[in-house]
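Colleague: What would the 3D arrangement of this be:
(chains A and B)
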Number of protein chains: 2
Amino acid sequence: MPDARQYVTINGPFVMQHGTITDPTVAYETWGELNAARDNAILVFTGLSPSAHAASSHADPSAGWWEDVIGPHKPIDTTRYFVICINSLGSCFGSTGPASIDPTTGDLYRLDFPVLSLEDIATAGDAVVEALAIDELHTVVGASMGGMTALAYAMLFPSRTRGLVTISAGARSLPFSIALRSLQRELIRSDPVWDAGQYNIDVSPALGMRLARKLGMITYRSAKEWTARFGRERTTDAGDPNDRFGIDFEVESYLEAHANKFIGTFDANCYLYLSRAMDLFDVADYGGTVAEGLKLIDVERAMVIGVETDILFPLSQQQEIADGLTDRVGEFRFHGLESIQGHDSFLVDMDRFRPVIAGFF
Amino acid sequence: MPDARQYVTINGPFVMQHGTITDPTVAYETWGELNAARDNAILVFTGLSPSAHAASSHADPSAGWWEDVIGPHKPIDTTRYFVICINSLGSCFGSTGPASIDPTTGDLYRLDFPVLSLEDIATAGDAVVEALAIDELHTVVGASMGGMTALAYAMLFPSRTRGLVTISAGARSLPFSIALRSLQRELIRSDPVWDAGQYNIDVSPALGMRLARKLGMITYRSAKEWTARFGRERTTDAGDPNDRFGIDFEVESYLEAHANKFIGTFDANCYLYLSRAMDLFDVADYGGTVAEGLKLIDVERAMVIGVETDILFPLSQQQEIADGLTDRVGEFRFHGLESIQGHDSFLVDMDRFRPVIAGFF
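Modeller: Sure thing, here's the model as predicted:
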């Protein structure tokens, strides 16, 4: 199987916000070439579930999760920029997380992995920047959890960050999205197969993950999109006709198909840790208010993008980030896009996102 | 225990849209007096989970679910009107449903109860109107599922319906709310205790019901309300400190408390049937479009109320009902209220709801 991942191991103790682990590894992929001045690097943090495979490459020609955005002559143009995408600490696609072996015990971390924060993910990502001998990043970019991590990075490493792009992110998690993620975690934890995190690592708590994914899918899109896309269409591949509560509407079939595709691709404990890390994030932890916290950021250029139909990180949260940056950043752009695909728009509404991202880069 | 319920039994076969049951009972409560002309009756249909106990009375002085709206000198003034509230067919508070005994077998219906429709609930409610020898209702009123049922009633019994009030309802279920209800049902059905509907009727599938209720709670309110109400407050009654994914935020504690209160109060199979009945409802089944279907309604006065922050039945769906009625009804009122409590506003935002309802009555 083609694999473009590269790895940095942080030797010795890695101090996290809520604990310490030993010799963690951070997986990443890169595209394009670092120039002689070493000043054309773009660092990309991901949402909760993607790997570092943001785009195809010679080493791994399969399409990446942001294939339409990153590549030669694409909005993030890899003929001009050196792009690095980080697999988050705590995830399960090469970076160390709850599904990794703790070298001090020889056992899987599971729930002995320390409580994870987005700041930990940002700091682990910086180990890659350091290993690549990059002093200053052209821009740090992220969407959703990745946008929050990009904010954390810009706050923790201001001297390394010349530019910042956050997309459909937030300076903090608010109770509506906390409630949804809390319930997703409870769905996973309620699956008997989860077994308090001690499940056989090759046997996913499939039921809990499927239910959590369905809830995620519902919140990642918008009612408006689904009305246009599914309406009240009935599915043609109905299951057992004797099942009074089986799949009937097209939207139910869509959720089932996507949830089943997710099963087995993501470790349940990693999901729990990353989900909780989003809840815990709050820029106001630095200085008492979001505005104070954002003052730690010292970039020359920034862009904040949000989407009108996003119910997880509504436009008001993008505005909150923008308000804290606009007067302090030389070149600042704010875009509230009319995409109807909700939180997921940055993955699918390329007609709106591509020009805006290309405009910045 | 005080009990104000009265009962009508429909003798013989009761033909539903998808099957037939025998001798069903409909429970209801009443307030006020029917006048000599028998023309001051208001019929109230409920949301999915309430009983017919909409308000206190001598027979049952406990507060009802719409205590602030129905009563002497309240917006629905029981010194002037005779108010009837129906426990929906398929529910479990006195009316026949999946948790009732099928007289033809002597066993509980469980999943042998026919697929339920809101039209069936409306028709069963009409048996009460008939038993009370009321030819014409002053107004049929309902919120949420009750508003959809009120629409169904006004379509099926136009000559009986002089007035109509729908609140936070819809002329049809759209895919976003269908997806949410479908997932709620799956949460219940995934509880091993549910046992394909064959659970011991005294032992609720508590886990599934708790999870479904939490999802409901999240969608009944609004992100805006919760941001103001909970912010990022941490709970003081945190559980096990060793539980990495236990309750931490105030909003999580709130959901847990409300969900636990719900357990054991509602039969799981009844919940499944009523939830599915909402999905299936579509005014467009009558004539091909919502506008055509609404033409069956022949009322003199109507009022449609919606709430800006309702994500289950957004204001656009209230507008759809209004569009179908406004030119055909002598006195028509539409109110899009700015309540921040989302779908549940009609239960809690009395400052906005009471004057609007009082204005109509």
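Colleague: Wondering if stretch A:82-102 reaches chain B at all.
Modeller: No - applying Cβ under 8 Å from any Cβ of the partner chain, one finds stretch A:82-102 separated from chain B by no less than 9.8 Å. (Each C-beta comes from the backbone N, C-alpha and C, glycine too.)
Colleague: First-to-last residue distance for that stretch?
Modeller: Using Cα to Cα, to the nearest Å, the end-to-end distance of stretch A:82-102 comes out at 32 Å.
Colleague: got the end-to-end distance for stretch A:44-58?
Modeller: 19 Å.
Colleague: quick check, that stretch touching chain B?
Modeller: No - using Cβ under 8 Å from any Cβ, we find that stretch A:44-58 stays clear of chain B, coming within 14.9 Å at best.
Colleague: Same question for that stretch: list its buried residues.
Modeller: Buried residues in stretch A:44-58, defined by neighbour count with 16 or more other Cβ atoms under 10 Å in any protein chain shown: A:44-57.
Colleague: Quick one: distance of it to the chain centre.
Modeller: How far stretch A:44-58 lies from its chain's middle: 9 Å, per Cα atoms, centre = their mean, to the nearest Å.
Colleague: Could I get the average pLDDT for it?
Modeller: Summarised as a single mean, pLDDT over stretch A:44-58 is 98.
Colleague: Kindly report the same for stretch A:16-27.
Modeller: Rounded mean pLDDT across stretch A:16-27 is 98.
Colleague: So which bits of the stretch 1-150 of chain A are right by chain B?
Modeller: A:111, A:115.
Colleague: re the thing from before, what about the buried residues of stretch A:44-58, which are in strands?
Modeller: A:44-45 (DSSP state E).
Colleague: Widest-spaced pair of the buried residues of stretch A:44-58?
Modeller: A:Leu48 and A:Ser57 (23.1 Å; Cβ to Cβ).
Colleague: how about the closest residue in space to A:Ser253 that isn't next to it in sequence, phi and psi?
Modeller: The shortest distance from A:Ser253 to any non-neighbouring residue, by Cβ to Cβ, 6 or more residues apart in numbering or on different chains, is to A:Thr235 (3.9 Å). For A:Thr235, the backbone dihedrals (degrees, to the nearest 10) come out as phi -80, psi 150.
Colleague: Now do the same contact list for A:Thr235.
Modeller: A:247-250, A:252-253 (Cβ atoms under 8 Å, 6 or more residues apart in numbering or on different chains).
Colleague: Among those residues, name the ones in helices.
Modeller: A:250, A:252-253 (DSSP state H).
Colleague: Ranking by neighbours, what's the top pick from those?
Modeller: A:Glu252 (25 neighbours; other Cβ atoms under 10 Å in any protein chain shown).
Colleague: which stretches of the stretch 101-250 of chain A have low pLDDT?
Modeller: A:238-239, A:241 (pLDDT under 70).
Colleague: try 80
Modeller: Along the stretch 101-250 of chain A, the parts satisfying pLDDT under 80 run over A:237-242.
Colleague: Point out the residues in the stretch 251-361 of chain A that sit beside chain B.
Modeller: Residues of the stretch 251-361 of chain A lying near chain B (Cβ under 8 Å from any Cβ): A:251-252, A:255, A:272, A:276, A:279, A:282, A:284, A:311, A:314.
Colleague: mind putting these in JSON lines, pLDDT included?
Modeller: Below are those laid out as JSON lines (pLDDT from 0 to 100):
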{"residue": "A:Val251", "pLDDT": "96"}
{"residue": "A:Glu252", "pLDDT": "95"}
{"residue": "A:Leu255", "pLDDT": "96"}
{"residue": "A:Leu272", "pLDDT": "98"}
{"residue": "A:Arg276", "pLDDT": "98"}
{"residue": "A:Asp279", "pLDDT": "98"}
{"residue": "A:Asp282", "pLDDT": "98"}
{"residue": "A:Ala284", "pLDDT": "98"}
{"residue": "A:Ile311", "pLDDT": "95"}
{"residue": "A:Pro314", "pLDDT": "96"}
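Colleague: who are the neighbours of the one helix or strand A:Ala127 maps to, in terms of helices and strands?
Modeller: Element membership for A:Ala127 (DSSP states H and E) is helix A:118-131. Identification of packing neighbours for helix A:118-131 by 3 or more Cβ pairs under 8 Å, 6 or more residues apart in numbering or on different chains; DSSP states H and E yields strand A:6-9, strand A:13-16, strand A:25-31, strand A:41-45, strand A:82-86, helix A:145-156, helix A:268-280.
Colleague: returning to that earlier point: out of the ones in helices among the contacts of A:Thr235, flag the one nearest to B:Thr9.
Modeller: A:Glu252 (36.1 Å).
Colleague: who touches that closest one in this structure?
Modeller: Contact analysis of A:Glu252 by Cβ under 8 Å, 6+ apart lists A:235, B:178-179, B:182.
Colleague: Which among these count as buried?
Modeller: A:235, B:178-179, B:182.
Colleague: Closest to A:Phe82 out of those?
Modeller: Using Cβ to Cβ, the buried ones among the contacts of A:Glu252 come closest to A:Phe82 at B:Ala179, 41.2 Å.
Colleague: Can you give the distance of the host helix or strand of the closest one from its chain's centre?
Modeller: B:Ala179 is part of helix B:175-189, with elements assigned from DSSP H and E. Remark: helix B:175-189 is offset 17 Å from the chain centroid, using Cα atoms, centre = their mean.
Colleague: What are the phi and psi values at A:Ile167?
Modeller: Dihedral angles (degrees, to the nearest 10) for A:Ile167: phi -130, psi 130.
Colleague: That one - how many residues pack around it?
Modeller: When neighbours are counted by other Cβ under 10 Å, A:Ile167 comes out with 27.
Colleague: cool, and the one 4 residues further on?
Modeller: Other residues near A:Ala171 come to 26 when the count uses other Cβ under 10 Å.
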